[in-house]
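**Student:** predicted model, plus sequence, below.
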Amino acid sequence: MHEKRTPDCAEEFTSSEMSALAHLYRGEVYRSTIWRTRLDTTTNWAVVTLGVALSISFASPDASPLPLLLVGILIFLFLTLEARRYRYFNVWRARARWMETHFYAPMLVDGNLHTEENWQQVLADDYIRPKHHIGFGTAMARRVRRNYLWILLIQMTAYIGKLMIHPTSATSWDEFITRADIGPVPGELLLVVGALYCAAWTFMAFWVTGTDARKAASRGSGGAMG
């Protein structure tokens, strides 16, 4: 059982320490804002490149649907870059949120900082031994759930629509499959791989939703930061 801090205890926050915590919170919010802007940048890159691919593929009925497949490589690259940036963003966001829920909220409610719960030690440890709070896979899944699943669905819909209507409306399943052929690669293989690719990202989006819900419940009962 941790002893609660009292005003006559040497460990109680002084006015100077309270002021330092306020400045610390401002700094973490500023850093999280900067990294949030960087996340928006890579998302914009993905949207723009997809828009270019759409313009090229639908420029004429005879235009190739290949750009809609190749743009997927760039989108995946932007997703990996954004996941890396998100892991850093999450560090600053988690610290700011930790101070909001354990320092500012209790102060506003009843003035009791509940230091006996040792939340300040968790924050101090995170500064002494900084580390990412989530894995790379979780970061990618969160970005897919937030933005990239919709980008992927637009890409998939555009690709299927291109095969269906250009150069003329497909009149049979065989004709649709034949239009998906790329050189020696059969259309059946490309469509199956594409379906599995979309299904994998959709699964990750639902998986991380459940994982985050469990983490939120853990934090509500005194779990770790992040």
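**Tutor:** Right, received. Where do you want to start? Because the structure is predicted, anything quoted here is derived from the model rather than measured.

**Student:** now the helices for the protein?
**Tutor:** Counting by DSSP state H, the chain has helices at residues 15-57, 66-99, 105-109, 119-128, 136-143, 149-165, 173-179, 187-220.

**Student:** please work out which of those helices is packed deepest.
**Tutor:** Most buried of the helices of the chain, by mean neighbour count (mean count of other Cβ atoms under 10 Å): helix 136-143, with a mean of 21. For the C-beta atoms, the positions are set from N, CA and C on the backbone; glycine is no exception.

**Student:** which other residues reach that helix?
**Tutor:** For helix 136-143, the surrounding residues in contact (Cβ atoms under 8 Å, 6 or more residues apart in numbering) are 39, 79-80, 82-84, 86-87, 90, 134, 204-205, 207-208, 211-212.

**Student:** out of these, the closest to G51 would be?
**Tutor:** L79 (16.7 Å; Cβ to Cβ).

**Student:** for that closest one, which non-adjacent residue is spatially closest?
**Tutor:** Y148 (5.3 Å; Cβ to Cβ, 6 or more residues apart in numbering).

**Student:** isn't the one you found right up against W201?
**Tutor:** Yes - with contacts counted by Cβ atoms under 8 Å, Y148 reaches W201, the gap being 7.2 Å.

**Student:** contact partners for the residue nearest to L79?
**Tutor:** Y148 neighbours (Cβ under 8 Å, 6+ apart): T43, A46, I75, L79, E82, W201.

**Student:** go on, S169?
**Tutor:** Counted by Cβ under 8 Å, 6+ apart, S169 has zero contacts.

**Student:** all further residue positions should be reported with the first residue as 350.
**Tutor:** Sure, I'll start counting at 350 from here, so that last one is S518.

**Student:** ok, it to G510 distance?
**Tutor:** In this view, S518 and G510 are 11 Å apart by Cβ to Cβ, to the nearest Å.

**Student:** how far away is the residue positioned nearest the centre of the chain from L501?
**Tutor:** What sits nearest the mean C-alpha location of the chain, by Cα atoms, centre = their mean, is R492, with 2.6 Å. According to Cβ to Cβ, R492 and L501 sit 11 Å apart.

**Student:** with F438 instead?
**Tutor:** 22 Å.

**Student:** how far out from the middle of the chain is stretch 492-512?
**Tutor:** On the basis of Cα atoms, centre = their mean, to the nearest Å, stretch 492-512 sits 16 Å off its chain's mean C-alpha point.

**Student:** kindly report the same for stretch 454-469.
**Tutor:** 30 Å.

**Student:** now stretch 535-551
**Tutor:** Distance, centroid of stretch 535-551 to centroid of chain: 23 Å (Cα atoms, centre = their mean).

**Student:** now do it: everything it contacts.
**Tutor:** So stretch 535-551 is contacted by 418, 421, 493, 497-498, 501-502, 505, 508, 525-531 (Cβ under 8 Å, 6+ apart).

**Student:** please redo it, this time with the cut-off set to 6 Å
**Tutor:** Contacts with stretch 535-551, where a contact means Cβ atoms under 6 Å, 6 or more residues apart in numbering, come from V493, L501, M505, I526, A529, D530.

**Student:** again with stretch 386-395
**Tutor:** I424, F427, L430, E431, R434, N496, I500.

**Student:** determine which two of the residues you listed are furthest apart.
**Tutor:** Longest span within these, Cβ to Cβ: R434 and I500, 16.6 Å.
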